[in-house]
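[1] structural data only, the sequence is not supplied:
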């Protein structure tokens, strides 16, 4: 497994774990009937995002210590897979921006705007990672 593929697996796992952490912190308040204007979502969201960044950095280092790669330099195939994954994942960034724009025009609570953006970031990370992992296994499509 290449250095880039290992990083993609780590990115996928951390995205899922970080969002799960966030949901486990915020969702009980929402389900308990707390008005969304009173839900403390900012600190958990910042902890989830910041924690994901730190865990990804430390995880990348640990993965390379335990399972060292022959090279950390990507080849042409790695660059093509990276471009494909980025193009596919970017669609959810756009969807999140449009969703936040519509919610702000409807004067929705900040809770919903922030959560739509965060959800779309997570979905973009998942879609990007899955696209890259499929491309590593099946090859880059030549449309």
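    Right, received. Where do you want to start? Fair warning: this is a prediction, and the values are worked out from it, not measured in the lab.

[2] three-state assignment of the residue of the chain most remote from its centre?
    The C-alpha centroid of the chain is most remote from residue 33, which lies 27.9 Å away (Cα atoms, centre = their mean). The three-state assignment at residue 33 reads coil, by DSSP: H, G, I helix; E, B strand; the rest coil.

[3] how close does it sit to residue 39?
    Taking Cβ to Cβ, to the nearest Å as the measure, residue 33 falls 11 Å from residue 39. Bear in mind the C-beta positions are built from the backbone N, C-alpha and C, glycine included.

[4] got it, and residue 102?
    Noted for residue 102: a distance of 21 Å to residue 39, by Cβ to Cβ.

[5] more neighbours, those two?
    Taking other Cβ atoms under 10 Å, residue 102 and residue 39 do not tie; residue 39 has more neighbours (18 against 12).

[6] that one is in contact with residue 111, isn't it?
    Yes: using Cβ atoms under 8 Å, residue 39 is in contact with residue 111, at 5.8 Å.

[7] could you pull out the helices for the chain?
    Secondary structure of the chain (DSSP state H): helices located at 3-31, 42-66, 76-105, 110-138.

[8] will you turn those helices into a markdown table that also has mean pLDDT?
    Shown next, in a markdown table, are those (pLDDT from 0 to 100):
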| stretch | mean pLDDT |
| --- | --- |
| helix 3-31 | 95 |
| helix 42-66 | 95 |
| helix 76-105 | 93 |
| helix 110-138 | 96 |
